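[1] what's the 3D shape of this:
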Amino acid sequence: MTSAAATPLTQDELKTLVGQAALAYVVPGSIVGVGTGSTVNKFIDALASMKGQIKGAVSSSVASTVRLKALGIEVFDSNDVPELAVYIDGADEIDGQGYMIKGGGAALTREKIVAAQSKQFVCIVDDSKLVQALGKFPLPVEVIPMAAKRIAAQFAAMGGTATLRMKDGTPLVTDNGQHILDVTGLQITEPLAFESQVNQWPGVVTVGVFAHQKAQVCLMATAGGVKTLNY
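    Predicted coordinates for the structure are as follows:
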């Protein structure tokens with residue numbers, strides 16, 4: 001007799017699986033870098049199970065800070081923590097080298113800051129986020145509002161279409177008081193060079209390509225379990 005095929009895991013279950021797997025990278029006694037987003041929320045929930053074994057966290061967004069504190073995890077200002085052993089965060093896209101597009105949750109600037117002060121970036125995603133080349137997901141770019149139209153024109157010259165991100169009929173305002181352009185139509189084949197180039201444009205706060213702060217490890221939820229990719 002053959003057994004019935006296993007029911008495929010839902011997206012929510014995949015996120016829970018990979019969030020729990022990330023606990024293996026948390027260093028006991030340390031302060032943990034914590035990102036933003038629905039997958040990271042699963043990690044935060046799992047982290048509560050070992051909150052007595054860590055000093056606390058540095059958070060990349062107001063939303064994550066609220067969730068951490070609600071679970072009894074102390075949140076530190078990044079300026080008070082010289083270095084983090086590990087940063088756990090998701091991604092909107094990740095390629096075979098560990099380069100990522102991030103910022104779908106509008107927290108890219110703080111995410112890049114926390115990533116830069118961390119010895120190791122562990123990315124947690126499901127396998128739908130793996131791409132051959134970055135750019136299918138609209139690229140978020142946090143910008144100073146007065147520069148938005150000029151920056152959009154610079155992306156147009158590269159073949160991209162930049163759209164101001166809106167919320168409730170008005171431009172979305174980030175935790176840093178800035179706006180976000182979402183750029184489509186790009187294929188980012190040289191992420192390091194692209195990130196360096198866009199970073200130099202006046203008015204760009206942060207571009208959502210994470211190449212200089214790439215992932216060293218990716219925990220990828222698949223139908224067969226969590227796959228570990230090392231870069």
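[2] I'd like to know which elements the worst-scoring helix or strand of the chain on mean pLDDT is packed against.
    Within the chain, no helix or strand scores below helix 11-21, which has a mean of 94 by mean pLDDT, DSSP states H and E. Applying 3 or more Cβ pairs under 8 Å, 6 or more residues apart in numbering; DSSP states H and E, we find helix 11-21 packed against helix 38-47, strand 121-126, strand 217-222, strand 225-230. Placement of C-beta: from N, CA and C, glycine included.
[3] And the contacts of it?
    For helix 11-21, contacts defined as Cβ atoms under 8 Å, 6 or more residues apart in numbering pick out 9, 38-46, 124-126, 219-222, 225-226.
[4] Okay, now the unreliable bits of this protein?
    Counting by pLDDT under 70, the chain contains low-confidence residues at 1-6.
[5] what's the domain layout of it?
    The record's domain parsing of the chain by automatic domain parsing lists 11-132+212-230, 139-207.
[6] Need the winner for burial among those domains.
    Among these, ranked by average contacts under mean count of other Cβ atoms under 10 Å, first place goes to domain 11-132+212-230 (a mean of 20).
[7] Any idea how far that domain is from the middle of the chain?
    7 Å (Cα atoms, centre = their mean, to the nearest Å).
[8] Report how far apart the opening and closing residues of stretch 158-175 are.
    28 Å (Cα to Cα, to the nearest Å).
[9] let me fix that: stretch 73-91
    23 Å.
[10] what does stretch 206-219 give?
    25 Å.
[11] quick one, which of the helices and strands packed on helix 11-21 is nearest to A63?
    helix 38-47 (8.5 Å; Cβ to Cβ).
[12] Can you name every helix or strand that the helix or strand following the closest one contacts?
    For helix 38-47, the succeeding helix or strand toward the C-terminus, using DSSP states H and E, is strand 56-59. Packing partners of strand 56-59 (3+ Cβ pairs under 8 Å, 6+ apart): strand 31-34, helix 62-70, helix 108-116.
[13] With distance to G177 added, can I get these in TSV?
    Shown next, in TSV, are the helices and strands packed on strand 56-59 (distance: least, Cβ to Cβ, whole Å):
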stretch	distance to G177
strand 31-34	22
helix 62-70	12
helix 108-116	11
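[14] nearest to D80, of those?
    Nearest to D80, of the helices and strands packed on strand 56-59 and by Cβ to Cβ, is strand 31-34 at 9.2 Å.
[15] Mind listing residues that contact the closest one?
    Counting by Cβ under 8 Å, 6+ apart, 26, 40, 43-44, 47, 54-60, 64, 68, 76, 81, 84-89, 114-115, 117-118 sit against strand 31-34.
[16] Same check on stretch 36-53?
    15-16, 18-20, 22-23, 26, 28-29, 32, 34, 54, 57, 59-61, 63-64, 67-68, 71-73, 88-90, 104-105, 107, 110-111, 124-126.
[17] then that stretch to PDB, C-alphas only?
    Taking Å, rounded to 0.1, in the frame of the first residue of the first chain, the C-alpha atoms of stretch 36-53 are listed here in PDB:
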ATOM      1  CA  THR A  36      12.500  43.200   9.500                       C
ATOM      2  CA  GLY A  37       9.600  41.500   7.700                       C
ATOM      3  CA  SER A  38       7.200  38.500   7.900                       C
ATOM      4  CA  THR A  39       9.900  35.900   7.900                       C
ATOM      5  CA  VAL A  40      12.000  37.700  10.500                       C
ATOM      6  CA  ASN A  41       8.800  37.900  12.700                       C
ATOM      7  CA  LYS A  42       8.900  34.100  12.800                       C
ATOM      8  CA  PHE A  43      12.500  34.300  13.900                       C
ATOM      9  CA  ILE A  44      11.700  36.800  16.600                       C
ATOM     10  CA  ASP A  45       8.900  34.600  17.900                       C
ATOM     11  CA  ALA A  46      11.400  31.700  18.000                       C
ATOM     12  CA  LEU A  47      14.100  33.800  19.600                       C
ATOM     13  CA  ALA A  48      11.700  34.400  22.600                       C
ATOM     14  CA  SER A  49      12.300  30.700  23.500                       C
ATOM     15  CA  MET A  50      15.900  31.400  24.300                       C
ATOM     16  CA  LYS A  51      15.700  35.000  25.500                       C
ATOM     17  CA  GLY A  52      17.300  34.000  28.800                       C
ATOM     18  CA  GLN A  53      20.400  33.000  26.900                       C
END
